[in-house]
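In: sequence plus the predicted model coming up.
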Amino acid sequence: MGWRTLVGLVAGLAAGYFVAPALGLPALLGLVFGGLLGLLPGLSVGDAPAGELARHLGWYLPPFAIAQLLGIWLAPHKVAGLALIVVAAFLQTYLSRFGHDGHSFGIALFAFYLNGLLVPISLQVFPRALAAAATALVAVFLARAVLCWYRPVRDLRRTQRAFQAACRRAAASAAGVLQGRDRASWRLRRDLARVNTVALVFDGRLGGDRVDARFAEYLHRGVFDVEDALVSLAGVVVALSAEPAPEARAAAAAQMSALAAGRPAEGAPLRAAAASLRASMADERACELLEQAADELGAYQRSIQTLTGDADLAAEDRVTFRGVVALEGGVRPAGARPLARRAAATAPRLWGLVPRPAPLTAAAIQTAIATAVVLPLSYILDPQRYYWGVIGVVIIGAGVATSHEQGRKLVKRGVGTVLGAVIGIALHHLIGSAQADPWGTLAVIVVAMSVGAYFITVNYAAFVTCLVITLTQLYALTTPSGLDMLLAYRLGENLLGAAVGLLVALLVLPVPTGAVIRTGLHGYLQALSSFAANLGTHLADPDTDVRLRGDSRALDHALFQTGLVIGHLVPHSARQQRADAVLDRLSEGARQVRTIVRHAPPSASSPGVVTTVTPLIETLTATIAALDRRSDGGGLPRARLTADDADLARTLNALHDLDRCLIDPGQEPNSPC
């Protein structure tokens with residue numbers, strides 16, 4: 001995103017700067033038009049084939065024309081122009097109902113309508129302004145078509161390299177656990193979560209239309225097996241770190257450090273260390289863990305070699321890939337917003353009578369009401385820059401799923417605004433007057449917005465910091481003095497708009513966070529139920545087109561989505577602690593499913609295995625259904641799910657018994673290990 005935003009922004013600014021004077025327009029007006037037409041598509045239009053990219057970019061010119069004509073018409077009627085901002089804010093959210101191009105149309109209409117009110121042009125100038133905008137849009141298209149060439153296979157390879165790099169970081173954290181470093185266990189959990197997230201992204205990219213389905217299935221299995229082996233190896237490492245056997249820990253740490261450095265690691269030294277310790281009558285448990293680590297290390301190395309080895313083996317695969325992970329913007333797994341939309345769609349009628357509006361319609365109504373409240377307050381504070389409060393409303397509601405997430409976004413926006421103002425003013429003093437020499441200012445604008453585009457999906461506070469640095473340089477072009485007070489007003493009005501937007505979301509057509517969590521739990525249980533059914537089918541006939549790894553990955557995605565919602569609860573609150581405890585139990589279930597996939601026989605198993613496992617699958621299905629009835633029925637507020645819930649415990653026990661029976665079909669369920 002950062003690269004395409006940089007390319008589009010530079011192309012738009014350059015085209016606007018050079019074309020506007022040639023058409024008799026001020027260069028600053030060309031910079032504004034070109035900058036917006038480079039920035040907005042960079043943030044919302046991903047890389048695509050040339051024809052598709054041209055179609056997406058083409059949706060930005062009609063709202064530009066409509067907004068400028070509205071600005072011309074409403075220039076003498078200020079009150080009407082201000083009132084229409086409420087409509088523009090509503091459409092900015094509502095038009096997302098009509099897909100990606102509707103979303104692009106909506107944000108462009110809102111942005112250019114504000115621009116038309118703030119910098120009105122005459123009707124005689126409109127054709128030239130439209131020509132300048134069209135030229136800038138063509139320049140953006142040509143620059144992105146050439147420099148941001150759409151290559152899904154390249155993106156897939158980059159994601160694969162990112163996955164391997166994440167695995168190496170996790171191995172380094174595992175070595176730190178064995179060496180007793182501070183917070184090493186926390187880093188290991190964080191890095192394993194990162195490995196899982198990148199694996200989800202990789203799985204989502206495999207569903208691209210230019211990736212062969214058999215090759216995609218081959219890569220899907222390879223990534224799954226690598227992650228499974230790494231998680232198992234990390235579990236052995238954590239257990240070994242608790243043993244009073246420094247020689248064993250040192251031997252294992254050496255191999256984990258080799259993995260972290262990208263060098264081959266071997267199980268033979270670990271087996272030799274285990275034999276040596278056993279000969280010296282050392283702790284038998286440590287010896288067993290060393291041998292387990294050697295086994296898991298071998299499995300990990302084999303999986304890595306398969307993933308990076310001969311891809312021609314994929315042609316022999318009879319199973320084709322079917323994606324189970326959706327991506328947002330093509331760069332990250334779909335998060336909490338789909339859960340919030342499903343929760344809103346299943347919410348009860350208003351007052352038991354009125355049908356609830358569709359999720360995006362409800363969000364648009366919230367945005368319009370908050371804008372109507374904030375607009376007069378912002379106008380009273382600063383009649384010239386009243387739009388700051390409106391932007392705060394629109395931004396705080398964009399891309400969030402729950403009120404808790406909105407609250408966090410508000411805090412991050414405030415922190416980012418303060419940091420950006422301090423850095424932006426310092427840079428302004430460093431590069432000198434923007435009026436005398438605008439090139440230094442333009443360079444800061446381009447670099448700050450490109451860096452900010454990278455952080456928009458990584459760290460919102462960092463994105464806002466870069467955005468305010470950019471705005472500080474823009475304000476310096478028109479307001480050379482009084483930047484401190486100007487930015488203070490911006491902070492106040494922005495936070496006012498964000499606070500009102502949050503309050504309206506809590507009071508008008510709210511979607512409770514608890515309902516979103518219940519929807520996530522329902523999705524998790526549905527994925528687990530599908531896995532149980534497919535496992536029974538696979539054991540009865542392994543030649544059926546059943547993808548157990550795909551079922552496990554779908555479970556990972558459901559867990560990822562629910563974890564995002566829980567992560568936005570108030571930190572260290574009793575509610576978050578309870579939810580985290582339940583999430584840990586759900587994670588335990590996902591890990592157990594991954595282990596079952598590993599132990600499921602790839603070929604036809606004996607009738608005795610099917611006979612032994614079938615009752616366990618039936619028990620698992622029954623306990624899942626009991627949990628699902630409670631979550632789907634909205635019973636959690638009356639009977640809150642806790643980490644020690646009986647149905648949840650029975651579900652996890654059934655998974656554990658199922659795994660043990662696959663390992664040893666002769667073992668009785670619930671027998672001692």
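Out: That came in fine, so what should we check first?

In: ok, Glu217 touching Val223?
Out: No - in this structure Glu217 lies outside contact range of Val223 using Cβ atoms under 8 Å: 11.0 Å. Yep, even glycine has a C-beta here, placed from its N, CA and C like the rest.

In: buried residues in stretch 556-572?
Out: Across stretch 556-572, burial judged by 16 or more other Cβ atoms under 10 Å covers 556-569.

In: ugh, wrong one, stretch 393-401
Out: Counting neighbours by 16+ other Cβ under 10 Å, one finds that the buried residues in stretch 393-401 are Val393, Val394, Ile395, Ile396, Gly397, Gly399, Val400, Ala401.

In: same question, stretch 624-631
Out: The neighbour-count criterion (16+ other Cβ under 10 Å) identifies Ile624, Leu627, Asp628, Arg630, Ser631 as the buried residues of stretch 624-631.

In: still on that earlier bit, ok, Glu217 and Val223, which is more surrounded?
Out: Between Glu217 and Val223, Val223 has the larger neighbour count (other Cβ atoms under 10 Å), namely 26 against 21.

In: mind telling me what element the more buried one is part of?
Out: Using DSSP states H and E, the element containing Val223 is helix 213-241.

In: helices and strands around the strand or helix carrying Thr519, which ones?
Out: Assigned by DSSP H and E, Thr519 falls within helix 513-540. Helices and strands touching helix 513-540, by 3 or more Cβ pairs under 8 Å, 6 or more residues apart in numbering; DSSP states H and E, are helix 336-345, helix 548-567, helix 574-599, helix 607-632.

In: okay if I get those as TSV plus mean pLDDT and distance to Ala14?
Out: As requested, the helices and strands packed on helix 513-540 are arranged in TSV below (pLDDT from 0 to 100; distance: least, Cβ to Cβ, whole Å):
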stretch	mean pLDDT	distance to Ala14
helix 336-345	86	35
helix 548-567	93	39
helix 574-599	91	48
helix 607-632	82	54
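
In: make JSON lines out of these and add distance to Arg189.
Out: JSON lines is the format used below for those (distance: least, Cβ to Cβ, whole Å):
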{"stretch": "helix 336-345", "distance to Arg189": "21"}
{"stretch": "helix 548-567", "distance to Arg189": "12"}
{"stretch": "helix 574-599", "distance to Arg189": "10"}
{"stretch": "helix 607-632", "distance to Arg189": "25"}
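
In: closest to Ala260 out of the ones you listed?
Out: Ranking those by proximity to Ala260 (Cβ to Cβ) places helix 574-599 first, at 22.4 Å.

In: and the angle from the closest one to helix 548-567?
Out: For helix 574-599 against helix 548-567, the angle by axes from the mean of the first three to the mean of the last three Cα atoms, to 10 degrees is 170 degrees.

In: ok, now which ones touch His125?
Out: Not His; residue 125 is Val. Counting by Cβ atoms under 8 Å, 6 or more residues apart in numbering, Val125 makes contact with Leu25.

In: go again using 6 Å as the cut-off
Out: For Val125, the contact set (Cβ atoms under 6 Å, 6 or more residues apart in numbering) is empty.

In: now it: how far from Val119?
Out: Per Cβ to Cβ, to the nearest Å, Val125 is found 11 Å from Val119.

In: repeat for Gln473
Out: Distance, Gln473 to Val119, using Cβ to Cβ: 17 Å.

In: then Asp647?
Out: From Asp647 to Val119 the distance is 61 Å (Cβ to Cβ).

In: comparing those two, which residue is more hemmed in?
Out: Neighbours per residue (other Cβ under 10 Å) separate Asp647 from Val119, with Asp647 holding more: 17 against 14.

In: phi, psi for the more buried one please.
Out: Backbone torsions of Asp647, given as degrees, to the nearest 10, read phi -60, psi -40.
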